[in-house]
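Q: quick one, fold the following:
(chains A and B)
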Amino acid sequence: MNKKCDVLIIGAGGAGLTAALNAKQSGANVIVLTKEYPTRSQTCMAQGGINAALGNAGEDSVEDHIANTLKSAHGQADEEAIKFMCESAPKAIEWLDSIGVCFSRTEQATIAQRALGGASAPRACYAQDYTGLKILHTIYDRCLEADIEIQNEKYLLEILKDEKDTVCGAKILDIRSGEVEIYEANAVILASGGYSRIYDKNSTNSSASTGDGIATALRAGAELIDMEFVQFHPTGLKNSSILISESARGEGGYIINSKGERFTKELAPRDVLSRAIDAEIKRGESVFLDIRHLGEKLISEGLPQERKLAKLYENVDPVHELMPIRPVAHYTMGGIKVNRQSKTSLKGLFACGECANHRVHGANRLGGNSLLEIVVFGKEAGLNAALYAKENVRETAINADTSSVVDEIKEYENVLDFYAKREHLGDLFYKNVGIVRTKEELKEALDEVLAIKANISKLGVSDTSKKYNTNLVEFIEFKNSLDVCEAVVESAIKREVSCGAHYIAE
Amino acid sequence: MKISIQKDEGLIEYETTLEDATLLEVLSDIKHNSDNSLCFSSGCRSSVCGSCSMRVNEVEVLACAYKVQDGDKIEPLKNVEVIRDLVVDMDKAYSFNIKAKAWLSQISSGISLDGEDSKTNEVQSDCILCGSCYSACPVYAVNEEFIGPFSLTRIWKYVSDKREDNEEQKLTDVQTNGIWDCTLCGNCTVVCPQNISSKADIEMLRMKSAQYGLMDPSFGSFDGGFGFDGSPSF
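A: Now for the predicted structure:
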């Protein structure tokens, strides 16, 4: 029996859940599917803050927020979309405050704000360095209040279309049972996250950021845009790629080399800073983040996660020692092409969050704008999908079978280890499709992706269990990553001139 | 270094050459290189997504925040159904957030909180829903419907928030199978990776309940209830 709803949402991070709340409030019957659980989504990892020109910590204006965002986007953004996002920001914060997000506060009983790179004023509202966590959990609580049906551990296999090429549902793997299920919907929203994990361990992201929704949308015929724009965060811990939040620099941290020299502006935009650090590392230097001068009190109160993670993964206490760092893949600006109504190029398919490209970040995203985007455009996607679903009620049941990539993979030979391939490809992408790129290296990476795809049946899975087969799910994720990798590198080859995070060596 | 892992087929011993590694790194290494079938959950590897909670030598930890020792015995969480190996089904545990109505009663507007107010429930809002407290809680042995430590911490988070305007209703919702069923053993506090004390939060909820005349239903009644020492009180 197929499951049916008006609006089907794939992904339960901040964008998916905000979309769900708004779709439901518009009267739509909503089902949210997630391959994990909602509170495990990538949103929980956002630390630094969420931008809004409130002016609580110094003079600021919506105009400046727009100007800073536009500048960082390097001409690759939709100015109207940015304007809409920045103008909506104060209301978005007001809403988050009204549902109980525990923001840090000032003595004057306003929401505290701090400076992040590329911003002309302290604009990022924050909740210590747990901003994403606290926003996500509060929105999740709101979804429980609204009685939204959330189904956990359901993995997207295919987006389904009818005979008129209109999106009408999705084919889903129930990870627990191993059964393939059909979900029918009048509208589908993808809110399935970004693709930073194509860089494998050279990424700050959760291992789940494999670009599933983007790859699936691409296979269904949706257009992608600006896939070459990948943001490398300047301060990942050297060995583990664990993120040390930009707030560490916002609070006054220094970037230094092994001679103790500051060689760059710490609050430059992320692409500029990442290149400066990368160049220093390529000169044979080690690079460190130094926050010792901020003092134990500020570090413990304002950056508690940072201190814990540096101790755990690098065996250094940032109160007394330097943190070894390097830039790693952090956020993917590219994604599924959507218009201002969050509609993709496929009828009936919407997208929001990191998988979508609303063209508000352009070639380089500003810190504090991603949490803002998921709340502002999550709402738009939810409202517009609900409206569309109301006006486009499907009368006939879809006739899809449950055959899928799962059956195909069973036939694969599994003579080559895909985990090794995944790591190899991640390292190759970090080197060749990374912070600084050359035409030759891009071509080499493309050839490698195509070679792996051509020999995909040599890879495979060894675990034959139907029940909760993570070996299988990880392999399907890898297959999705390959499609995303191809799109990224093809896009990168086409853009011959440096722009923002896409930097071609002279 | 050897560790043993409770899989569906039994307790299996694995050898690892990784040194000074987190349990999550070791589990990933085993999965990639020696046993593709090993099942565990993980995500952020920075202790914020709550996916990789499990038990090491019978104590709940986040695999990403625990450094492996020779001879460690790794098992799934307790009080939840095991799906496969170290993966457990959290659906029922999380459903207690719904039973407890762990949200703001209604959307608030125009209430300003100062620095002091923001400290009141800062720690409670650090919860990552890893379920360690739920696994360590002894009450589930006698009451499967106990609302449980993380949900009650969430209730205290909202009750203690100035933006909540219906404290009494929030407290009323956690009287049955809730705050009075806790034994105050403190296991939840010991295992919490975020240094939250659900025990202390439950004590706060009890005090607040008393202010509204909401008392422990198991004693203090005049018609055959029981006293502090378990003896009938007349």
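Q: which ones are touching residue 159?
A: All of this refers to chain A. The contact partners of A:I159, by CB atoms under 8 Å, 6 or more residues apart in numbering or on different chains, come to A:167, A:169-171, A:188, A:190, A:216-217, A:219-220, A:222, A:346, A:349. Where C-beta positions appear, they are placed from N, C-alpha and C, glycine not excepted.
Q: wait, I meant chain B there
A: Taking CB under 8 Å, 6+ apart, one finds B:E167, B:K170, B:L171, B:L205, B:K208 in contact with B:V159.
Q: same check, this time on A:S104
A: Contacts for A:S104 (CB under 8 Å, 6+ apart) come out as A:I111, A:A112, A:Y126, A:A127, A:Q128, B:G115, B:S118.
Q: how does it look with 7 Å?
A: A:A112, A:Y126, A:A127, A:Q128, B:S118 (CB atoms under 7 Å, 6 or more residues apart in numbering or on different chains).
Q: all helices of the chain, in order?
A: Defaulting to chain A. For chain A, the helices defined by DSSP state H cover A:14-25, A:62-73, A:79-98, A:131-145, A:212-219, A:247-250, A:270-282, A:296-302, A:304-314, A:369-391, A:405-410, A:418-432, A:439-454, A:470-494.
Q: actually chain B
A: So, for chain B - with DSSP H - the helices run B:23-33, B:91-99, B:115-120, B:132-136, B:149-159, B:167-172, B:187-191, B:198-211.
Q: what does the last one contact?
A: So that's helix B:198-211. Taking CB under 7 Å, 6+ apart as the rule, helix B:198-211 contacts B:124, B:133, B:149-150, B:152-153, B:155-156, B:159, B:167, B:171, B:174, B:179, B:182, B:184, B:186, B:188-189.
Q: among the residues you listed, which ones are buried?
A: B:124, B:133, B:149-150, B:152-153, B:155-156, B:159, B:167, B:171, B:174, B:179, B:182, B:188-189 (16 or more other CB atoms under 10 Å in any protein chain shown).
Q: quick revisit: dump the contacts of A:I159 into a markdown table; add neighbour count, distance to A:T438 and pLDDT as well.
A: What follows is those, written out as a markdown table (neighbours: other CB atoms under 10 Å in any protein chain shown; distance: CB to CB, whole Å; pLDDT from 0 to 100):
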| residue | neighbour count | distance to A:T438 | pLDDT |
| --- | --- | --- | --- |
| A:V167 | 25 | 39 | 97 |
| A:G169 | 27 | 43 | 97 |
| A:A170 | 26 | 39 | 98 |
| A:K171 | 22 | 40 | 98 |
| A:V188 | 29 | 39 | 98 |
| A:L190 | 35 | 33 | 98 |
| A:T216 | 23 | 31 | 98 |
| A:A217 | 30 | 30 | 98 |
| A:R219 | 13 | 30 | 98 |
| A:A220 | 18 | 33 | 98 |
| A:A222 | 21 | 30 | 98 |
| A:L346 | 20 | 35 | 98 |
| A:L349 | 27 | 36 | 98 |
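Q: could you dump the residues you listed to JSON lines with distance to A:E228?
A: Output for those, formatted as JSON lines (distance: CB to CB, whole Å):
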{"residue": "A:V167", "distance to A:E228": "26"}
{"residue": "A:G169", "distance to A:E228": "31"}
{"residue": "A:A170", "distance to A:E228": "28"}
{"residue": "A:K171", "distance to A:E228": "29"}
{"residue": "A:V188", "distance to A:E228": "26"}
{"residue": "A:L190", "distance to A:E228": "20"}
{"residue": "A:T216", "distance to A:E228": "20"}
{"residue": "A:A217", "distance to A:E228": "18"}
{"residue": "A:R219", "distance to A:E228": "20"}
{"residue": "A:A220", "distance to A:E228": "22"}
{"residue": "A:A222", "distance to A:E228": "18"}
{"residue": "A:L346", "distance to A:E228": "22"}
{"residue": "A:L349", "distance to A:E228": "23"}
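Q: which residue is nearest the centroid of chain B?
A: Residue closest to the average C-alpha location in chain B (CA atoms, centre = their mean): B:C133, at 2.9 Å.
Q: ok, that residue - contacts?
A: Taking CB under 7 Å, 6+ apart as the definition, contacts of B:C133 comprise B:P149, B:F150, B:C188, B:V191, B:C192, B:S198.
Q: again, only this time at 10 Å
A: B:53, B:60, B:93, B:127, B:148-153, B:187-194, B:196-199 (CB atoms under 10 Å, 6 or more residues apart in numbering or on different chains).
Q: these, buried ones only, as a ChimeraX selection?
A: Typed into ChimeraX, the next command selects the buried ones out of these (criterion: 16+ other CB under 10 Å):
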select /B:53,60,93,127,148,149,150,151,152,153,187,188,189,191,192,193,194,196,197,198,199
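Q: go ahead and confirm A:M45 touches A:S206.
A: Yes. With contacts counted by CB atoms under 10 Å, A:M45 reaches A:S206, the gap being 6.4 Å.
Q: what do those two both touch?
A: A:G13, B:G43, B:C44, B:R45, B:S46, B:V48, B:C49.
Q: ok, how many other residues are close to the first one?
A: A total of 33 residues lie near A:G13 under the criterion other CB atoms under 10 Å in any protein chain shown.
Q: thinking it is in contact with A:G213, fair?
A: No. Counting by CB under 10 Å, A:G13 does not reach A:G213; the two are 11.2 Å apart.
Q: now the common contact residues for those two.
A: A:A191, A:S192, A:G193, A:G353, A:E354, A:C355.
Q: let's see if you can find the most crowded of these.
A: A:S192 (38 neighbours).
Q: how about the closest residue to that residue other than its chain neighbours, what does it touch?
A: Leaving out its chain neighbours, the residue that sits closest to A:S192 by CB to CB, 6 or more residues apart in numbering or on different chains is A:G213, at 2.8 Å. Each residue near A:G213 by CB under 10 Å, 6+ apart is listed here: A:10-11, A:16, A:156, A:159, A:189-195, A:222, A:335-336, A:351, A:353-356, A:480.
Q: next up, the contacts around residue 150.
A: This is for chain A. Here A:I150 is in contact with A:9, A:12, A:16-17, A:20, A:30-34, A:37-38, A:140, A:143-144, B:91, B:94 (CB under 10 Å, 6+ apart).
Q: um, chain B though
A: With CB under 10 Å, 6+ apart, B:F150 has these contacts: B:50, B:93-94, B:96-97, B:100, B:102, B:124, B:127-134, B:137, B:188, B:192, B:196, B:198, B:201.
Q: buried sites along the least confident helix or strand in chain B by mean pLDDT?
A: Lowest by mean pLDDT, DSSP states H and E among the helices and strands of chain B is helix B:115-120, with a mean of 92. With burial defined by 16+ other CB under 10 Å, the residues of helix B:115-120 counted as buried are B:D117, B:S118, B:T120.
Q: do the helix or strand of chain A with the lowest mean pLDDT and chain B come into contact?
A: Across the helices and strands of chain A, mean pLDDT, DSSP H and E gives its lowest value to helix A:247-250, namely a mean of 86. No. Helix A:247-250 does not reach chain B (CB under 10 Å from any CB of the partner chain); its nearest approach is 14.2 Å.
Q: pull that helix out as PDB, backbone CA atoms only.
A: What follows is helix A:247-250, C-alpha atoms only, in PDB (Å, rounded to 0.1, in the frame of the first residue of the first chain):
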ATOM      1  CA  SER A 247      33.500  32.800  16.300                       C
ATOM      2  CA  ALA A 248      37.000  31.900  17.700                       C
ATOM      3  CA  ARG A 249      38.300  34.500  15.300                       C
ATOM      4  CA  GLY A 250      35.300  36.700  15.800                       C
END
